[in-house]
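Enquirer: Test case, fold it:
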Amino acid sequence: MTDSLRIEAVRLLQTIRWADALDVIVISFVLFGVISWARGSAARNMVAALLAFGLLYLVSLGLDMPLTRAFLKAILAVAVLTAVIVFQDDIRRFLDRMGAWRVGRRFGRSPSVSSVWIDDLVSASEDLADSRTGALIAVRGRESWDRAIRGGIALDGQVSQPLLMSIFDHHSAGHDGAALVEKERIARFAAHLPLSSNQVAVGRHGTRHAAAVGLSETCDALVIVVSEETGTISVAERGVLAAVASAAELRARLEQFQARHEERHLKPWKALWTHHAVQNAVLAVIVSLSLWLFFAHQSDVVARSVLVPIELRLSEAMTLDQVSDAEARITLEGTARAFESLNEDELVAVVDLSHLTPGSHLVELTQDHLNLTGTISLSGIEPRFIRVFTEKTATDSSTIED
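Expert: Below you'll find the model as predicted:
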């Protein structure tokens, strides 16, 4: 069993081309983005269903079940089309996130270490909670949120406790909307955020909490929401809503968010090495390798019979008097892909007879006489032996007599 697996592994490695490796790498990057998107959206159930159908389809291929295979193929086609229609907004957000992966865009930029705006934001959140004043404050991350947010009044003011208190004052016209914090400044207020349809994440909370979860589902923003009914402070990030027990916990969440945000701007490639990113990357590579093995890799060995000419090469002092066969029928083995690059018209059995003496000789034909390339091997040849008769050239004989 071990020897058989080793032989198959060696054969697999011999048939892999650089284009195959590039093929797997490209699909792995695409799958990494899809898996990362699916983990943070309501589309995970649809993705899980598609993966389950895909697994059943592979099983039907392996067991040669044509009816099941045809049925699942039709189901997969309909499911993919349905997913594109139903989740077109999620797909658009996924493409937006893909566009945000611009490695080196701000490479070398010194991160801001200021935390004054965090202190003011925490203090304002505490005061709003104590007075049971509803508030919604979104802090932008690395990804764009322009397509998800509607309306709002431009402000571009420094984050401060008095400014936030005035924005969410009940007498303010824009107190029901959200304040948008970008680069430590309040860019807009009275903005409308997308509402989440994930009732599990929102729970029994109201519209503000649904808006906080909704924006965190579409991008990597951190959203602070203050409940006017209970006076509690909650934070939504990556589609997860959680209450904070104290001002210290809120400050820690904001500082962690700022550290991640600044690190991504300085070295975006480091974002790939977070815990979930590593899991997503490993899963993407495994899935892409499986897809390549099942659909792209041609591992079945096929045999092909070819008639090739026999070319005999002698020294200048010898001449060929007679040969039993001028052609040989060879049987080759290899993958279908290997045969695609083989030109049968160029195949020839070249036999070196320069070492022979005059007379009759029985010469064995082997794979060494064939100009085979790649992973194609010789499994049979007919005839295996040829009879040749050689003699000295006439000019060479006269020279010896003289």
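Enquirer: Would you mind finding the longest strand in the protein?
Expert: When the chain is parsed with DSSP state E, its longest strand is strand 301-313.
Enquirer: Could you pull out the strands in the stretch 201-350 of the chain for me?
Expert: When secondary structure is read from DSSP state E, counting those that start in this stretch, the stretch 201-350 of the chain shows strands at 222-226, 233-237, 240-244, 301-313, 318-323, 327-335, 349-352.
Enquirer: Surely residue 392 touches residue 321?
Expert: No: the pair residue 392 and residue 321 does not pass the contact test of C-beta atoms under 8 Å, sitting 10.2 Å apart. (C-beta placed from N, C-alpha, C; glycine too.)
Enquirer: Where does pLDDT dip in the stretch 1-150 of the chain?
Expert: By pLDDT under 70, the weakly predicted segments of the stretch 1-150 of the chain are 1-17, 33-50, 61-64, 69, 76, 79-114.
Enquirer: make it 90
Expert: 1-119, 141-150 (pLDDT under 90).
Enquirer: Can you pull the domain assignment for this structure?
Expert: Listed domain ranges for the chain are 2-104+273-296, 116-266, 301-401 (source: automatic domain parsing).
Enquirer: now these as a markdown table including mean neighbour count?
Expert: Compiled in a markdown table, the domains of the chain are given as follows (neighbours: other C-beta atoms under 10 Å):
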| stretch | mean neighbour count |
| --- | --- |
| domain 2-104+273-296 | 14 |
| domain 116-266 | 18 |
| domain 301-401 | 14 |
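Enquirer: Now for residue 140: which residues touch it?
Expert: Shown in contact with residue 140 (C-beta atoms under 8 Å, 6 or more residues apart in numbering): 180-183, 219, 221.
Enquirer: and the residues you listed, which two are the farthest apart?
Expert: When C-beta to C-beta is used, the two most widely separated members of the contacts of residue 140 are 183 and 219, lying 15.4 Å apart.
Enquirer: before we move on, back to that, which among the strands of the stretch 201-350 of the chain is found nearest to residue 28?
Expert: Nearest of those to residue 28, taken as C-beta to C-beta: strand 327-335 at 23.2 Å.
Enquirer: quick check: angle from that closest one to strand 301-313?
Expert: 140 degrees (axes from the mean of the first three to the mean of the last three C-alpha atoms, to 10 degrees).
Enquirer: partners of strand 327-335 in the sheet?
Expert: Pairing partners of strand 327-335, with direction, according to DSSP bridges: strand 301-313 (antiparallel), strand 377-382 (antiparallel).
Enquirer: Now mean pLDDT and distance to residue 132 too, for these, in CSV please.
Expert: Output for the strands paired with strand 327-335, formatted as CSV (pLDDT from 0 to 100; distance: least, C-beta to C-beta, whole Å):
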stretch, mean pLDDT, distance to residue 132
strand 301-313, 85, 75
strand 377-382, 86, 81
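Enquirer: Residue 186: what secondary structure?
Expert: At residue 186 the chain is in strand, as set by DSSP: H, G, I helix; E, B strand; the rest coil.
Enquirer: That one contacts residue 162, correct?
Expert: No: no contact is recorded between residue 186 and residue 162 when judged using C-beta under 8 Å, the distance being 11.8 Å.
Enquirer: Please enumerate residues in contact with stretch 161-171?
Expert: Outside of stretch 161-171, the residues within contact range by C-beta under 8 Å, 6+ apart are 120-121, 123-124, 127-128, 133-135, 137, 157, 172, 174-175, 179, 186, 189-190, 226.
Enquirer: In strands, which of those residues fall?
Expert: Mapping the contacts of stretch 161-171 onto strands (DSSP E) picks out 135, 137, 157, 179, 186, 189-190, 226.
Enquirer: and the two most separated of those?
Expert: Comparing every pair within the ones in strands among the contacts of stretch 161-171 by C-beta to C-beta identifies 157 and 226 as the most remote, at 19.3 Å.
Enquirer: which residues touch stretch 124-139?
Expert: The contact list for stretch 124-139 (C-beta under 8 Å, 6+ apart) reads 121, 145, 160-161, 164-165, 168-170, 175-181, 191, 193, 208, 211-212, 215, 221-233, 247, 250, 254, 257.
Enquirer: let's go with 6 Å and repeat that
Expert: Residues external to stretch 124-139 that are found in contact with it (C-beta atoms under 6 Å, 6 or more residues apart in numbering): 161, 164, 168, 178-181, 208, 215, 221-226, 228, 231, 233, 247.
Enquirer: What of stretch 306-318?
Expert: Everything outside stretch 306-318 that qualifies as a contact, by C-beta under 6 Å, 6+ apart, is 326-330, 344, 347-354, 390, 393, 396.
Enquirer: try stretch 242-254
Expert: For stretch 242-254, contacts defined as C-beta under 6 Å, 6+ apart pick out 118, 122, 126, 232-235.
Enquirer: try 10 Å this time
Expert: Contacts of stretch 242-254 with the rest of the structure, by C-beta atoms under 10 Å, 6 or more residues apart in numbering, involve 115, 117-119, 121-123, 125-126, 129, 139, 201, 205, 222, 224-225, 227, 230, 232-237.
Enquirer: for it, what is the average pLDDT?
Expert: Confidence for stretch 242-254, expressed as mean pLDDT, is 90.
Enquirer: Stretch 347-367 too?
Expert: For stretch 347-367, mean pLDDT rounds to 88.
Enquirer: okay, how far is it across that stretch, tip to tip?
Expert: The straight-line separation of the ends of stretch 347-367 (C-alpha to C-alpha, to the nearest Å) is 12 Å.
Enquirer: Likewise for stretch 239-258?
Expert: Taking C-alpha to C-alpha, the span from the opening residue of stretch 239-258 to its closing residue is 18 Å.
Enquirer: Save the strands paired with strand 327-335 as CSV, and put in distance to residue 339 too.
Expert: Written out in CSV, the entries for the strands paired with strand 327-335 read as follows (distance: least, C-beta to C-beta, whole Å):
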stretch, distance to residue 339
strand 301-313, 6
strand 377-382, 12
